[in-house]
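> Next comes the sequence, and after it the predicted model I'd like to discuss.
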Amino acid sequence: MVGSRMRIVLLTSFFAFAFAMLFLALVQNYVHAGATPLLPVRITSITNTADIQSVVDHEIIPSF
């Protein structure tokens with residue numbers, strides 16, 4: 001059985017690790033978002049509506 005002090009140490013370590021991983025993910029996301037700014041997309045005209053294909057529903061078959 002784990003003692004109360006050891007339980008506190010384990011929980012503190014776990015939350016510190018989880019917070020560090022979340023912080024690193026946020027930093028990477030911030031750095032990556034700043035490196036490649038995306039320009040807005042504007043559709044100017046559609047010449048022929050018959051060229052637009054409808055969305056086909058696909059069935060997902062599990063492979064297990």
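Structure received.

> Show me the shaky parts of the protein.
Counting by pLDDT under 70, the chain shows low-confidence ranges at 1, 34-38, 46, 49-57.

> where do the strands sit along it?
Here the chain has no strands by DSSP state E.

> where exactly do the helices run in it?
With DSSP state H as the criterion, the chain has helices at 4-35.

> Contacts only, for His32.
Under the criterion of C-beta atoms under 8 Å, 6 or more residues apart in numbering, His32 has no neighbours. Every C-beta, even on glycine, is put in place using the N, C-alpha and C of the backbone.

> ok, it to Ala25 distance?
Separation of His32 from Ala25 (C-beta to C-beta, to the nearest Å) stands at 11 Å.

> try Met6
Where Ala25 is concerned, Met6 sits at a distance of 29 Å (C-beta to C-beta).

> Same check on Ala16?
Taking C-beta to C-beta, one finds Ala16 at 15 Å from Ala25.

> Look up phi and psi at Thr44.
When read as degrees, to the nearest 10, the backbone of Thr44 gives phi -90, psi -40.

> just Pro62 next, same as before
phi -60, psi 140.

> Tell me how many other residues surround it.
Using other C-beta atoms under 10 Å, the number of residues around Pro62 comes to 4.

> Ok, Leu26 next?
10.

> what do you get for the one 3 residues further on?
Here the neighbour count serves as a burial measure; for Asn29 (other C-beta under 10 Å) it reads 10.

> Ok, the one 4 residues further on next?
Ala33 sits with 10 neighbouring residues when counted by other C-beta under 10 Å.

> ok, now how distant is Thr47 from Ser4?
In terms of C-beta to C-beta, Thr47 sits 73 Å off from Ser4.

> repeat for Phe14
Taken as C-beta to C-beta, the span from Phe14 to Ser4 is 16 Å.

> of the two, who's got more company?
Ranked by neighbour count (other C-beta under 10 Å), Phe14 and Ser4 place Phe14 first, with 10 against 7.

> how far is stretch 7-25 from where the chain is centred?
Centroid separation for stretch 7-25 versus its chain: 20 Å, with C-alpha atoms, centre = their mean, to the nearest Å.

> do you know how far Tyr30 is from Leu39?
19 Å.
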